[in-house]
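J.: Next come a sequence and a model predicted from it.
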Amino acid sequence: MKTLTKDAVKEAAEDLIEAFGTTTTLDVKNKLRQQGFQALQAEVSTLMDEVTAEESWQFNHNGRYRVYRFGPDSNDTFHKYLENGQQFWEVLASDKELVVNEGVVGTNGQMQKQTFPTNRKTIAQSKKLYQEQKQVGYAEATDQRLPFALRKKYANYLSKKPTSYTIGFFDVSALEKQATEFTLTNQQTTKGYIIQSKNVGYDFTWELPQSKISLADILKNTQVIDQLFKHDKRSVTGEKIKTTKAYQQNEEALIAYEAYKPQAAASLIEIKASIDNVYKIDISFEGGDQISLSKFDLNLQQELLPVARQILIQAG
């Protein structure tokens, strides 16, 4: 017969309480004997007392046996990341859900989820799995990827191949040049251009994979962007014009004119933007799926930008 342990008593008692709401030392003893343990009533009672104290269970006496029930459920979390050679294994237990993630080191791996009736049971099962992995050679290591919670939240998108990014900036300082036809004070017309200093909102779009490198430069930038950067499309989402200067085609300043009419789209000649002024990133994927990451819903530095960077890795 198997030797009785406290863990075996705890597991049997938990199963019975989950099934029936309560249990007794007699019920636990009988279940253990059915499982092949050498279970004596006195020994079971002693171990049940230890488990009850450790787990803050509740009990009362029915005249012959103690009747046990769970106390208030716990609200714990348990997270461990381990590696064994080129393989990783990771577990996260939170609320009543247990998630195991495993695969090749550096990849997203595969996630499997289980739900348990209590957080207490979820935590217990996660610790049991953790010990089993250590026994087969896994050891705790440092995970270089996104935090587990983000990989779990965005798992559906972290496995897809992106095809375009649109990043929205607000409060960009910019100089724009635009070909223009001027109406002079004598009502004659002449061609030239204007240069405007603006505070602008822009949506910049990059097509992937061809623009991956230039997009990566933007996403990893932690400073103010004070030089022009390559992008595939640009649209204005709002602007405030600070100054407008007019020039003739010979580049001489045009001081007096009645009106002007733009002849082409404006081109950027200077830009100053902060990565902190990103307010959204819209990502499209192969197959037509899309995701919009908004600064108004997510922390920019802790969630929005890290997720956008991780997805970009899959652009090819």
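T.: Received it, and whenever you're ready, just let me know what you need. Residues are numbered from 1 along each chain as shown.

J.: Other residues contacting the helix or strand containing residue 244?
T.: Taking DSSP states H and E as the criterion, residue 244 maps to strand 233-248. The contact list for strand 233-248, computed with Cβ atoms under 8 Å, 6 or more residues apart in numbering, reads 168, 170, 180, 182, 190-205, 253-255, 257, 260, 268. (Glycine included, C-beta is placed from N, CA and C.)

J.: pLDDT of the strand of greatest length in the chain, averaged?
T.: Ordering each strand of the chain by length in residues (DSSP state E) puts strand 162-183 first. Here strand 162-183 scores 97 as its mean pLDDT.

J.: Just after that strand, pick out the following helix or strand.
T.: Counting by DSSP H and E, what follows strand 162-183 is strand 189-207.

J.: quick one: strands adjacent to that following strand?
T.: strand 162-183 (antiparallel), strand 233-248 (antiparallel) (DSSP bridges).

J.: Past the shortest one, which element shows up next along the chain?
T.: Towards the C-terminus, the helix or strand next in line after strand 233-248, according to DSSP H and E, is strand 259-262.

J.: Now that following strand: buried residues?
T.: Within strand 259-262, the residues that qualify as buried are residue 260, counting by 16 or more other Cβ atoms under 10 Å.

J.: Also stretch 221-229?
T.: residue 225.

J.: From start to finish, how long is that stretch in a straight line?
T.: 12 Å (Cα to Cα, to the nearest Å).

J.: before we move on, what about stretch 81-89?
T.: Across stretch 81-89, first to last residue, Cα to Cα, it's 6 Å.

J.: how far away is residue 313 from residue 146?
T.: Distance, residue 313 to residue 146, by Cβ to Cβ, to the nearest Å: 10 Å.

J.: neighbour-wise, which of these two wins?
T.: residue 146 (19 against 13; other Cβ atoms under 10 Å).

J.: And for this protein, the residue most distant from the center?
T.: If you look at how far each residue of the chain sits from its centre, by Cα atoms, centre = their mean, the farthest one is residue 186, at 62.0 Å.

J.: in the sheet, who's paired with residue 281?
T.: Under the criterion used (DSSP bridges), residue 281 bridges to residue 167, residue 293.

J.: and the contacts of strand 233-248, which are buried?
T.: 168, 170, 180, 182, 192-198, 200-205, 254, 257, 260, 268.

J.: What is the neighbour count of residue 153?
T.: 14.

J.: contacting residues for it?
T.: Residue 153 neighbours (Cβ under 8 Å, 6+ apart): none.

J.: What about the residue nearest in space to the middle of the chain? Give its phi and psi, please.
T.: What sits nearest the mean C-alpha location of the chain, by Cα atoms, centre = their mean, is residue 150, with 2.6 Å. When read as degrees, to the nearest 10, the backbone of residue 150 gives phi -70, psi -40.

J.: Repeat that for the one 5 residues further on.
T.: Comment: the main-chain dihedrals of residue 155 come out as phi -50, psi -40, following degrees, to the nearest 10.

J.: Give me the nearest residue to it, chain neighbours excluded.
T.: Among residues not flanking residue 155 along the chain, residue 111 sits closest, at 5.8 Å (Cβ to Cβ, 6 or more residues apart in numbering).

J.: give the contact list for the one you found.
T.: 99, 100, 101, 151, 152, 155.

J.: Could you tell me whether it really is in a strand?
T.: Yes: with DSSP: H, G, I helix; E, B strand; the rest coil as the criterion, residue 111 is located in a strand.

J.: in stretch 305-316, what's buried?
T.: 305, 306, 307, 308, 310, 311, 312, 314, 315.

J.: ok, of those, which one's closest to residue 224?
T.: Lowest distance from residue 224 to those (Cβ to Cβ) belongs to residue 305, with 15.3 Å.

J.: The closest one in helix, strand or coil?
T.: helix.

J.: Does it touch residue 275 like I think?
T.: Yes: using Cβ atoms under 8 Å, residue 305 makes contact with residue 275 at a distance of 7.5 Å.

J.: Give the residues shared as contacts by these two.
T.: Counting by Cβ under 8 Å, 6+ apart, nothing touches both residue 305 and residue 275.

J.: Distance to residue 237, secondary structure and pLDDT for the contacts of residue 111 - can I get that in JSON lines?
T.: Shown next, in JSON lines, are the contacts of residue 111 (distance: Cβ to Cβ, whole Å; DSSP: H, G, I helix; E, B strand; the rest coil; pLDDT from 0 to 100):
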{"residue": "99", "distance to residue 237": "38", "secondary structure": "strand", "pLDDT": "94"}
{"residue": "100", "distance to residue 237": "43", "secondary structure": "strand", "pLDDT": "96"}
{"residue": "101", "distance to residue 237": "38", "secondary structure": "strand", "pLDDT": "93"}
{"residue": "151", "distance to residue 237": "31", "secondary structure": "helix", "pLDDT": "87"}
{"residue": "152", "distance to residue 237": "32", "secondary structure": "helix", "pLDDT": "85"}
{"residue": "155", "distance to residue 237": "31", "secondary structure": "helix", "pLDDT": "88"}
